[in-house]
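1. The following comprises the amino acid sequence and a computationally predicted model.
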Amino acid sequence: VIAFFTPKCLAGQKVLITAGPTFEAIDPVRGITNHSSGKMGFAIARAAQEAGAQVTLVAGPVHLHTPRGVQRLNVQSAQEMLHAVTQQAPAASVFIATAAVADWRPAHSAQQKIKKDGSGEVPMLSFVENPDILATVAQSERAQASDLFCVGFAAESHDLLQHATAKRVRKGVPLLVGNIGPATFGRDDNALLLVDAAGHRELPHASKRELAQQLVVEIAQRLPLHSK
Ligand code: CTP
Ligand code: CA
């Protein structure tokens with residue numbers, strides 16, 4: 001991809017990325033989480049950095065090396081992720097939400113380990129909805145004024161195009177990227193479906209590294225020419 005190397009297509013851009021799962025504690029020894037290796041988000045962070053951007057990566061619990069030159073902030077829960085993103089977003093010109101955020105968290109997180117009491121009774125868990133990090137950022141004044149370009153991801157099990165198209169509108173983002181499944185979790189390759197206001201196109205099956213480089217070019221082409 002020649003355009004990727006000369007000139008650097010994200011020079012001068014500040015890119016904020018979420019990646020990995022979130023972990024929502026039930027008590028100090030257990031919790032609920034999502035399947036997500038974080039590989040796609042980390043690959044995009046690397047590609048964006050190599051394309052000349054200043055990159056901040058807000059990462060849930062994953063065992064991956066931080067790409068060279070990327071600032072990494074580790075978080076656990078969706079609320080922590082939202083907090084870190086809210087702090088970083090005012091300085092960013094691009095926001096890419098690849099994280100598999102837990103949609104719900106336990107309504108109460110116990111301070112002490114919940115013990116079996118020997119009666120065979122099971123604990124009853126109740127949940128509350130987590131904040132939608134992407135929608136929150138996409139509704140911000142800077143995103144609405146196109147000073148912050150927001151990109152969402154979607155992992156669907158069926159009807160990808162319909163769900164991705166609806167999700168793009170619902171989240172209020174200019175670009176939504178679908179994982180062409182099934183089961184891309186943990187793999188080193190993928191295929192992507194890009195959905196924007198003009199329609200959709202596919203980035204065919206390739207390594208996550210190559211797809212990340214292609215996606216970076218696609219994003220750069222959609223940025224306003226006079227970035228602030
Ligand atoms: N997302 C987010 N915060 C959440 C939930 C999702 O930032 N609390 C982001 C994801 O990082 C992704 C996009 O929103 O970029 C879509 O996530 P997805 O889970 O596919 O969509 P949801 O809106 O949660 O809907 P559902 O899971 O019901 O399909
Ligand atoms: Ca979800």
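-> That came in fine, so what should we check first? Ligands and ions are numbered 1, 2, ... in the order given.
2. quick one: stretch 204-215 near ligand 1?
-> No. Applying C-beta under 6 Å from any ligand atom, one finds stretch 204-215 out of contact with ligand 1, separated by at least 12.9 Å. The way it works is simple: take the backbone N, C-alpha and C, and place the C-beta from them, glycine included.
3. Now do that stretch, average pLDDT.
-> Summarised as a single mean, pLDDT over stretch 204-215 is 95.
4. near ligand 1, which residues of the protein show up?
-> By C-beta under 6 Å from any ligand atom, the residues of the chain that approach ligand 1 are 18, 78, 97, 99, 101, 103, 130, 132-134, 152-155, 167.
5. try 8 Å this time
-> Residues of the chain lying near ligand 1 by C-beta under 8 Å from any ligand atom: 18, 78, 81-82, 97-103, 129-137, 151-156, 163, 167, 170-171, 176.
6. Now, those residues that are in helices?
-> 78, 81, 82, 133, 134, 135, 136, 137, 163, 167, 170, 171 (DSSP state H).
7. Name the nearest residue to the fourth one, ignoring sequence neighbours.
-> If I follow you right, that is residue 133. In space, and not counting its chain neighbours, residue 133 is closest to residue 82: 5.0 Å by C-beta to C-beta, 6 or more residues apart in numbering.
8. Count the neighbours of residue 10 for me.
-> As a burial measure, residue 10 scores 25 neighbours (other C-beta atoms under 10 Å).
9. Quick one: residues in contact with stretch 29-40.
-> By C-beta atoms under 8 Å, 6 or more residues apart in numbering, the surrounding residues in contact with stretch 29-40 are 19-26, 59-62, 64, 98-102, 104-106, 113, 153, 179, 184-188, 190, 208, 211-212.
10. Tell me how many other residues crowd the residue nearest to residue 163 when sequence neighbours are not counted.
-> Leaving aside its sequence neighbours, residue 163 sits nearest to residue 156 (C-beta to C-beta, 6+ apart; 4.5 Å). Neighbours of residue 156 under the rule other C-beta under 10 Å: 17.
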